[in-house]
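1. Structure here, sequence nowhere to be found:
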């Protein structure tokens, strides 16, 4: 079964510093990969998705992710953190059907 | 467009009580989903529907039932609530299968005492 693993349940960064959230997937076939963000007391919102068109995917709010097949990874980055980036981030995968399988999530806190 | 809406936003139940959560979407999406979110476990799929009149089991379906009588609505029922069903429930919808974005509602926080 396909799955995703997010390394690190909590990440703390300083405002202006690089944000790096790690996601690895298990699959023998090319997957569809997603990053969602959840702000406090809200639903999930799509940040970006990989659908095999390009390995470097740009999303909203300055985030981007790179698909690396050799490493089975889809890490999320943002060059400069902003206070408004404090949220929980979920990596998710779809393979061969339409059901999303989510990672456990990474909570990001941003220090002033 | 309201997108995906959920009713109610909060609910407290006693063990053994029943309730229905309502999800509505105004995007004419074929696919709808119910997830539960628990700390440290991400979101897990309870049931889903690929069109009006159809439903299917997801990852954690036990103790829940669903119905999709109208395309825009997807109901999640708890016949006899248990404390293990204390969670935040999210509804989502998507246009189709594959790489299509799932749009999420704001969630329902359910506590079973």
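-> Arrived safely, thanks for sending. Small disclaimer: the values here were computed from a predicted structure and weren't measured.

2. centroid residue for chain B?
-> residue B:34 (2.8 Å; CA atoms, centre = their mean).

3. Quick check: it vs chain A, distance?
-> 12 Å (CB to the nearest CB, to the nearest Å). (Each C-beta comes from the backbone N, C-alpha and C, glycine too.)

4. Look up which residues are beta-bridged to that residue.
-> residue B:47, residue B:91 (DSSP bridges).

5. my read: it touches residue B:65, true?
-> No - between residue B:34 and residue B:65 there is no contact under CB atoms under 8 Å: 10.5 Å.

6. between those two, what contacts are shared?
-> Shared contacts of residue B:34 and residue B:65 (CB atoms under 8 Å, 6 or more residues apart in numbering or on different chains): B:47, B:76.

7. Next, residue A:70: phi, psi?
-> Here is the backbone geometry of residue A:70 (degrees, to the nearest 10): phi -60, psi -30.

8. name the helices or strands packed onto the strand or helix carrying residue B:23?
-> Counting by DSSP states H and E, the element that carries residue B:23 is strand B:19-25. Strand B:19-25 is packed against strand B:4-7, strand B:31-37, strand B:73-78, strand B:87-94, strand B:108-112, with contacts defined by 3 or more CB pairs under 8 Å, 6 or more residues apart in numbering or on different chains; DSSP states H and E.

9. so residue A:109 is in which element?
-> Residue A:109 belongs to strand A:106-111 when elements are defined using DSSP H and E.

10. Could you see whether chain B lies near that strand?
-> No - Strand A:106-111 does not reach chain B (CB under 8 Å from any CB of the partner chain); its nearest approach is 10.2 Å.

11. Buried by neighbour count: which residues of that strand qualify?
-> By 16 or more other CB atoms under 10 Å in any protein chain shown, the buried positions in strand A:106-111 come out as A:106, A:108, A:110.

12. Poorly predicted segments of chain B, please.
-> Along chain B, no part satisfies pLDDT under 70.

13. ok, which residues in it are in contact with chain A?
-> Checking chain B against chain A by CB under 8 Å from any CB, the hits are B:4, B:31, B:33, B:40-45, B:48, B:50, B:58, B:90, B:92, B:94, B:96-102, B:104-107.

14. Alright, I will stop here.
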